[in-house]
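Engineer: fold the following, please.
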Amino acid sequence: METSTVINWSLGIFLAVMTVLFIFRIVLTWYPQINLKQFPYSLVAFPTEPFLAPLRKVIPPIGGVDITPIIWVGIFTLIRELLLGQQGLLT
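Structural biologist: Numbers count the residues shown, from 1 in each chain. Take a look at the predicted model:
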């Protein structure tokens, strides 16, 4: 297996997993009573919080709704398409 294939495959999986985690994070924002430090929820909160915390300082909640996970879904989807899409830079 070539190195570029391994990199493309690994990067694709990473970007897909992060996108799914941010989508779960969006759903979790609908339930503010959930403690994100408890076990099943911490699996979503732990890898996404380093991305969300700095962006929250720039973009405050709008009407009490945290939109930063939505922005990150868009960013990760865009990166995946630009790098690994049908006419991506790495394909």
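
Engineer: how far does stretch 71-91 sit from its chain's centre?
Structural biologist: Stretch 71-91 sits 13 Å away from the centroid of its parent chain (C-alpha atoms, centre = their mean, to the nearest Å).

Engineer: pLDDT averaged over it - what is it?
Structural biologist: Per-residue pLDDT values over stretch 71-91 give a mean of 90.

Engineer: give the buried residues for that stretch.
Structural biologist: When burial is assessed from 16 or more other C-beta atoms under 10 Å, stretch 71-91 yields the following buried residues: 71-73, 75-77, 79-80, 83-84. Any C-beta I mention is one placed from the backbone N, CA and C, and that applies to glycine too.

Engineer: same deal with stretch 36-48?
Structural biologist: 41, 44-45, 48.

Engineer: one more: stretch 6-13?
Structural biologist: 8, 12.

Engineer: using the three-state scheme, assign the nearest residue to residue 25 once chain neighbours are set aside.
Structural biologist: Distances taken as C-beta to C-beta, 6 or more residues apart in numbering place residue 69 nearest to residue 25, at 4.4 Å, with adjacent residues excluded. What DSSP: H, G, I helix; E, B strand; the rest coil gives for residue 69 is helix.

Engineer: what separation do you get for residue 69 and residue 78?
Structural biologist: For residue 69, the distance to residue 78 equals 15 Å [C-beta to C-beta, to the nearest Å].

Engineer: before we move on, back to that, nearest to residue 9, out of the buried residues of stretch 71-91: which one, please.
Structural biologist: residue 84 (9.3 Å; C-beta to C-beta).
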